[in-house]
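>>> Any chance you can model this:
(one chain, ligands or ions: 2)
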Amino acid sequence: MIVAMQEKATEEQIDAVIDAMVEAGVGVHRTTGAMQTILAGVGPTASLDLSKFENLAGVLHVHRISSPYKLAGRGFRPEGTVVEFRNGVTVGGRQVAVMAGPCSIENRAQIFETAKRVKESGGSFLRGGAYKPRSSPYAFQGMGIPGLELMREAAEAHGLLVVSEVMEISQIEPMLPFVDLFQVGARNMQNFNLLRELGLIRKPVLLKRGMAATIEELLLSSEYILSGGNYDVILCERGIRTYETATRNTMDISAIPVVKKLSHLPIVGDPSHGTGRRDMVAPLARAAVAAGADGIIVEVHPNADKAASDAAQTLYPDQFDKLMSELRLIATAVGRTI
Ligand code: PEP
Ligand code: MN
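Ligands and ions are numbered 1, 2, ... in the order given. Below is the predicted model of the structure:
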């Protein structure tokens, strides 16, 4: 950590800051410049609340120079994490993984038809929610386990893997036989009890960025899963809330290269929730792959306009098919395959 003192800081104030740092177990290296004193702290700073130093008299600002997340940091696995699934599918390697399907599982015909079209277009995961975190309690809440049974059957019939959202701890166990990848939704990114439990299982987790979460908070949330011993975590940029109202969320494409720099974990882009608009899903999916995403997760439904949830941002299968041909070209251009 670095503590920059104000130009007019007194020796007493500097000594008080040094004492506070030493008391916190941090070794202090002092540099006295012509104008300003800088205190460099070395030691167990990851667990320190730096704001307490910011409030001391005479302090200008305090910076953290080591990351507060240890297991999610790039330094833990400089070569990057590759999450392996059945069928030779990987996320985080050369392949760009495509996860597609409806927002919610609705019925047998819908999920089987979607699975067929997703597979034909070259997707490797079937997505679909059985437990839906809806803004309104009166909106469709999902089919639960009967929906997951249908999705598993449809995925098996078409050689796809299954990704579906888990909303609470009690759903983990019953979902285990049906999913290959547990999705933690934006609204649960900071449900730390759920994250801890998911750290104890040995099945990959797709952790979506909260709609008001910083990248550092996303990485700290992943740390909850990693610290339980589950190293198969995939991050997801799904758009954040900003002052912009033209799109449902603002898809933060820059989060992709930022996460790649800070962390070894794979990251996928979700242009469906990222934009909320069908006509903008393809451009943002292309941008995500061009920016280095390890995959994309997209909402697709055979009768998109009639989807029980997120209809406005859901692609028709033909649109998804066209997008896949475009993504293949972009993947090649950035040294990846789909
Ligand atoms: C979803 O994937 O349908 C979903 C609810 O996503 P998010 O958690 O990103 O809103
Ligand atoms: Mn959705």
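>>> can you give me the helices in the protein?
Listed in chain order, the helices of the chain (DSSP state H) span 11-23, 51-54, 108-121, 145-157, 169-175, 192-200, 215-226, 255-262, 271-275, 278-290, 317-333.
>>> which one of these lies closest to ligand 1?
Closest of the helices of the chain to ligand 1 is helix 271-275, at 4.3 Å (criterion: Cβ to the nearest ligand atom). Glycine gets a C-beta too; all of them are placed from N, C-alpha and C.
>>> Please name the spatially closest residue to the residue in the stretch 101-250 of the chain positioned nearest to ligand 2 (chain neighbours excluded).
The nearest approach of the stretch 101-250 of the chain to ligand 2 comes at C103, 3.3 Å away (Cβ to the ion). Distances taken as Cβ to Cβ, 6 or more residues apart in numbering place D310 nearest to C103, at 3.8 Å, with adjacent residues excluded.
>>> What number of residues are in the vicinity of the residue in the chain positioned nearest to ligand 1?
Residue nearest to ligand 1 within the chain (Cβ to the nearest ligand atom): G185, separated by 2.9 Å. Neighbour count of G185, defined by other Cβ atoms under 10 Å: 22.
>>> Could you double-check that it sits in contact with V163?
No - G185 is beyond contact range of V163, at 11.6 Å (criterion: Cβ atoms under 8 Å).
>>> Now for these two: what residues contact both?
The contact sets of G185 and V163 do not overlap (Cβ atoms under 8 Å, 6 or more residues apart in numbering).
>>> From A288, how far off is T275?
Using Cβ to Cβ, to the nearest Å, we find T275 at a distance of 11 Å from A288.
>>> okay, and the common contacts of these two?
With Cβ under 8 Å, 6+ apart as the test, T275 and A288 both reach M251.
>>> ok, the two, which is more surrounded?
A288 (28 against 24).
>>> Could you report the pLDDT at the more buried one?
The per-residue pLDDT reported for A288 equals 98.
>>> was I right about it contacting G239?
No - taking contacts as Cβ under 8 Å, A288 lies outside contact range of G239: 11.0 Å.
>>> what do those two both touch?
M251.
>>> give the contact list for the residue of the stretch 201-338 of the chain found nearest ligand 2.
The stretch 201-338 of the chain approaches ligand 2 most closely through D310 (3.8 Å), counting by Cβ to the ion. With contacts defined as Cβ under 8 Å, 6+ apart, D310 is in contact with 103-104, 272-273, 299.
>>> can you give me the end-to-end distance of stretch 88-99?
One end of stretch 88-99 to the other measures 15 Å (Cα to Cα, to the nearest Å).
>>> tell me the mean pLDDT for that stretch?
Averaging pLDDT along stretch 88-99 gives 97.
>>> same question, stretch 330-338
On average, the pLDDT along stretch 330-338 is 98.
>>> Buried ones in it, by neighbour count?
330-331, 336, 338 (16 or more other Cβ atoms under 10 Å).
>>> For the stretch 51-200 of the chain, what lies in contact range of ligand 1?
On the criterion Cβ under 6 Å from any ligand atom, ligand 1 has as its neighbours in the stretch 51-200 of the chain the residues 103, 129, 133, 185-187.
>>> I'd say L126 and E113 touch.
No - the pair L126 and E113 does not pass the contact test of Cβ under 8 Å, sitting 11.4 Å apart.
>>> So which of those two has more stuff around it?
Between L126 and E113, counting by other Cβ under 10 Å, L126 is the more crowded of the two (28 against 16).
>>> ok, the more buried one - contacts?
With contacts defined as Cβ under 8 Å, 6+ apart, L126 is in contact with 99-101, 111, 114-115, 118, 151, 154-155, 158, 160-163.
>>> and it, bridged to which residues?
A100, V162 (DSSP bridges).
>>> where's L39 relative to A312, distance?
Taking Cβ to Cβ, one finds L39 at 53 Å from A312.
>>> Between these two, which has more neighbouring residues?
L39 (22 against 15).
>>> Which strand residues bridge the more buried one?
Assessed by DSSP bridges, L39 has beta-bridge partners V3, R30.
>>> Hmm, D19 and it touching each other?
No - counting by Cβ under 8 Å, L39 stays clear of D19, with 11.1 Å between them.
>>> what about stretch 216-230 and ligand 1, touching?
No - no part of stretch 216-230 sits near ligand 1 under the criterion Cβ under 6 Å from any ligand atom; the closest distance found is 12.1 Å.
>>> how about that stretch: buried residues?
Using 16+ other Cβ under 10 Å as the test for burial, stretch 216-230 gives 218-226, 230.
>>> gap between it and the chain center?
When C-alpha coordinates are averaged (Cα atoms, centre = their mean, to the nearest Å), stretch 216-230 and its chain have centres 11 Å apart.
>>> Cheers, nothing more for now.
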